[in-house]
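Colleague: quick one, fold the following:
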Amino acid sequence: MTYNVHRCRGLDRAWSPERIAAVIASTHPDIVALQELDVGRARSGHVDQAETIARDLGMDVQFFPALRVMEELYGDAILSRWPAKTVKAAALPGLRLPGLEPRGALWSRIQVDGATVQVINTHLSILGRERLLQIKALTGPEWLRHPDCRGPVLMMGDLNATPRSKTYRQVSSHLADAFLASRKPRRRDGATFPTRYPTLRLDYIFSGPSVRILDVRTLRTPLAYLASDHLAVVADVQVPVRH
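Modeller: Now for the predicted structure:
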């Protein structure tokens, strides 16, 4: 699953990591990429949202703060039911313009039965020029084409870009869009933003050649429509296992 949780603030303006955990739990995922998490921030009650969600789900968590303000953190996380290790957690290139928040990515190596799965989670810029710099970095030698990024690969997150964008074309030249690989979908079926009237597909699961996509769906439940301003994307995947 990939899910932009909007700081765990729902459309009713209530702050609730527990509600986000309930949305996630409804699909029983093994691996979850989360974006827009507050950790220790005054605006959300100084709660460690990443830890709270992971605890409610009984999952391990790895968190990377793209933004630090004193003791307050804001960033992305990977949750897993399987043994996981952080390979890389780092900032992405930025234009350093006023009003643009820093962006980062988190790469985790997850042991799934007999397979080692590489999972990269990111949340890209709202500005096209900056976003393109960031996705080129992610598909370059420090991330996706790094010698250690081999075997089954999943890249997930909120790209802040539609399938017609240069950002999408850049990543889809390296990895398969799981939503398209699983079916011949109608465009509106994959829309994830905004939850009230989903019209834009901004949230993605991309997969490497050794990953088989069995099914992909946008999570559309009453609770999911309320809990965040994005809908979650869930994929059933199959990876080769060494015996």
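Colleague: name the residues of the lengthiest helix in the chain that are buried.
Modeller: For the chain, the helix with the greatest residue count under DSSP state H is helix 128-138. Residues Glu130, Arg131, Leu132, Leu133, Gln134, Ile135, Ala137, Leu138 are the ones in helix 128-138 that count as buried (16 or more other CB atoms under 10 Å). Bear in mind the C-beta positions are built from the backbone N, C-alpha and C, glycine included.
Colleague: now do the contacts for the second one.
Modeller: Spelled out, that is Arg131. Leu124, Ser125, Leu159, Asn160, Ala161, Ser165, Thr167 (CB atoms under 8 Å, 6 or more residues apart in numbering).
Colleague: which among these gets closest to Ser210?
Modeller: Ser210 lies nearest to Leu159 out of the contacts of Arg131, by CB to CB, at 22.4 Å.
Colleague: so which of the contacts of Arg131 is the closest to Ile213?
Modeller: Nearest to Ile213, judged by CB to CB, of the contacts of Arg131 is Leu159 at 17.9 Å.
Colleague: burial count for Phe179?
Modeller: Residues within reach of Phe179, counting by other CB atoms under 10 Å, total 23.
Colleague: how about the secondary structure of it?
Modeller: Of the three states, Phe179 takes helix according to DSSP: H, G, I helix; E, B strand; the rest coil.
Colleague: for it, give its distance to Tyr168.
Modeller: 11 Å (CB to CB, to the nearest Å).
Colleague: which residue is nearest the middle of this structure?
Modeller: Geometric centre of the chain, nearest residue: Gly157, 2.9 Å, by CA atoms, centre = their mean.
Colleague: what's it in contact with, if anything?
Modeller: Counted by CB under 8 Å, 6+ apart, Gly157 has contacts Thr2, Ala33, Gln35, Asp76, Ala105, Ile120, Asn121, Thr122, His123, Leu124, Asp203, Tyr204.
Colleague: now do the SS call for the closest residue to Arg129 other than its chain neighbours.
Modeller: Counting by CB to CB, 6 or more residues apart in numbering, Leu95 is the residue found nearest to Arg129 once chain neighbours are left out, at 6.6 Å. Classification of Leu95 by three-state DSSP places it in coil.
Colleague: how about the helices in the protein?
Modeller: With DSSP H as the criterion, the chain has helices spanning 17-25, 49-57, 128-138, 166-172, 178-181, 222-227.
Colleague: show me where pLDDT drops low in this protein?
Modeller: 183-188, 243 (pLDDT under 70).
Colleague: can you give me the strands in it?
Modeller: 2-4, 31-39, 60-69, 72-80, 84-91, 104-112, 115-123, 153-158, 176-177, 203-207, 212-218, 233-238 (DSSP state E).
Colleague: rewinding a little: if we take the contacts of Gly157, which one ends up nearest to Arg9?
Modeller: For the contacts of Gly157, the nearest to Arg9 is Gln35 (13.4 Å; CB to CB).
Colleague: return the residues in contact with that closest one.
Modeller: Thr2, Tyr3, Asn4, Val5, Asp76, Asn121, Thr122, His123, Gly157, Asp158.
Colleague: the same query, at a cut-off of 7 Å, please.
Modeller: Asn4, Val5, Asp76, His123, Gly157, Asp158 (CB atoms under 7 Å, 6 or more residues apart in numbering).
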